[in-house]
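Colleague: sequence below, structure please.
(2 chains)
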Amino acid sequence: MAIDIYKINPEFRDIMPQEIIDLEENATWAEKMDKPRGIKELPETKELLEEHSLCAGCPEAAALRYVLSALPTPEDTIIVNSTGCTSLMFPHIALHTVHSLFGNQNAVASGIKRSLTWRFPDRIKDVVVLAGDGATVDIGLDYTLQSFFRQEKITTICFDNEVYANTGGQESGMTPKGQVFKMAPTGKKFEKVKMWELATTSGCHYSINMTASAPKAVAKAVREAILIAREIGPTYLNIYTPCILEIGLSANEGLGEMKDQDKDRFASYKYISPEAEAHLKKCKEEGLL
Amino acid sequence: MANQGPAYYSPYPTAVYEGVITPPEGKALLLEDVVDEEIAMREIAKVMLTSENATIFPGPQVLYAYNEEAKKKAKLIKEMAEVLNCKMIPMYDYRPKYPKIDAEVEINPNHPNLTIWHNNIKAAIFIGVHCHYANVALKIVRAETDCYTVAICGLSGHEDAMATLRDQHSSELEKFIKIAREVKSELKL
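Modeller: Numbering: from 1, shown residues only, chains lettered A, B, ... in the order given. Here you go, the predicted model:
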């Protein structure tokens, strides 16, 4: 049934808008692809994100496009998200999404994954958590870490913009030390939480810290993380998507900011457990990567 | 401006605040009266055949071929539109449209009144719309327009529609089409 919910009944084809016909015919559904999906198809195919209501030039919107293009089987993927700028985009994507209470996303995702495994034993269902740094590392830290401890087979992606952006600019645990925001005028008093290291020590089999400056690298990390989560255990991606509004940049300066941070706070960190590494090798041999 | 709702949250009273509730099994709802299903079907057919710009709004549960029942219903709804001489505008998903919908060719549950105003629709059938979004859309249409709304629902119906048929599956749709044909010939249309 998964892919069938995107197939239009022939009786209604003449009244359906072109964007929906395109979604059926020209989106990169895994079932129709003879090779792994990826960002290389983005210019020529129908994207799963129709429109978005984020600020012009927001790096988060670009990062979401890379993530969506890299999902191994979007028709069998459920995305769990939380309140924040990301939740402004999720109503616009053509996938199953669940909006949980703020911070609860990993607990909700755990339940969904377990019930889907029980309900569809013969089918692989990927559950991906996608939330901001406030939901993942601040208010939701307990739920995030507990899901790692329990070895839930889910992928957690944190869009780290280092601030509570859409509530006016309050500092979060991921804000770098000394940073001043409109609602944090005295500056952050302690260091940025190294969540990617916490994820590693908490049992994640794949943990990455990166920016969204290189689309291919983001897509590769997303794909690897999901494939590992299917078989081995929890995976975590920390991706810098700066809030250009809160740090005073123009719409065309987001990419430059991410490139600058590639060598600073978001210098590449990658951990893969030995069993995850062996699994990735197997996936490569099977053509899944 | 309409009356204040009893809870003063909404500027409009929803049907349930006025004591209208969904019909019991085997019955239908016409405005605030519980009636036999056949009586409601005749009235719905009459309204659809005689109202200006009557339209069917098919929802995702019938637009997409995800099971055999949906495929069967799609054929019947197409036939229904031909019998009732009405056009169809799809409610193909529930995503909010940014910056706004094209009211000429689509309807969205978050602002269904725009499509009804734009096309001057005086009678409409909602079918195949998931209940939680049908509830939202029908409340807005009831509050903001003079459109006669009909809910053809697979579950327990919708009190905010002017007419509600509940437990409607393909066999019931066949019955409705048969009655609509009779009404059409009675009206000599």
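Colleague: near chain A, which residues of chain B show up?
Modeller: B:58, B:60, B:62-67, B:70-71, B:74-75, B:77-78, B:88-90, B:92-93, B:95-98, B:102, B:105-106 (Cβ under 8 Å from any Cβ of the partner chain). For every residue, glycine as well, the C-beta is placed using N, CA and C.
Colleague: tell me which residue in the stretch 1-150 of chain A sits closest to chain B.
Modeller: Chain B sits closest to A:Asn9 of the stretch 1-150 of chain A, with a gap of 3.7 Å, by Cβ to the nearest Cβ.
Colleague: in stretch A:241-248, what's buried?
Modeller: Judged by neighbour count using 16 or more other Cβ atoms under 10 Å in any protein chain shown, the buried positions of stretch A:241-248 are A:241-247.
Colleague: any idea how far A:Ala219 is from A:Leu289?
Modeller: Distance of A:Ala219 to A:Leu289, given as Cβ to Cβ, to the nearest Å: 11 Å.
Colleague: identify the contacts common to those two.
Modeller: Shared contacts of A:Ala219 and A:Leu289 (Cβ atoms under 8 Å, 6 or more residues apart in numbering or on different chains): none.
Colleague: so for the two, which residue has more residues nearby?
Modeller: Taking other Cβ atoms under 10 Å in any protein chain shown, A:Ala219 and A:Leu289 do not tie; A:Ala219 has more neighbours (23 against 15).
Colleague: helix or strand right after the helix-or-strand element of chain A with minimal mean pLDDT?
Modeller: Every helix and strand in chain A was compared by mean pLDDT, DSSP states H and E; the lowest is helix A:86-89, with a mean of 84. Moving toward the C-terminus from helix A:86-89, the next helix or strand (DSSP states H and E) is strand A:96-99.
Colleague: A:Ile154 contacts A:Ala229, doesn't it?
Modeller: Yes: with contacts counted by Cβ atoms under 8 Å, A:Ile154 reaches A:Ala229, the gap being 5.8 Å.
Colleague: I'd say A:Ile232 and A:His205 touch.
Modeller: Yes: the criterion here is Cβ under 8 Å, and A:Ile232 meets it with A:His205 at 4.8 Å.
Colleague: okay, these two: which has more neighbours?
Modeller: Counting neighbours by other Cβ under 10 Å for A:Ile232 and for A:His205 shows that A:His205 has the greater number, 26 against 21.
Colleague: these two touch, right, that one and A:Gly233?
Modeller: Yes: checked against Cβ under 8 Å, the pair A:His205 and A:Gly233 is within contact range at 4.8 Å.
Colleague: what touches both of these two?
Modeller: Each of A:Ala276 lies in contact with both A:His205 and A:Gly233 under the rule Cβ under 8 Å, 6+ apart.
Colleague: with adjacent residues omitted, what lies nearest to A:Leu49?
Modeller: Nearest residue to A:Leu49, sequence neighbours excluded (Cβ to Cβ, 6 or more residues apart in numbering or on different chains): A:Ile93, at 5.0 Å.
Colleague: A:Asp160 versus the one you found, what's the distance?
Modeller: Counting by Cβ to Cβ, the gap from A:Ile93 to A:Asp160 is 20 Å.
Colleague: kindly report the same for A:Ala221.
Modeller: For A:Ala221 relative to A:Asp160 (Cβ to Cβ), the value is 14 Å.
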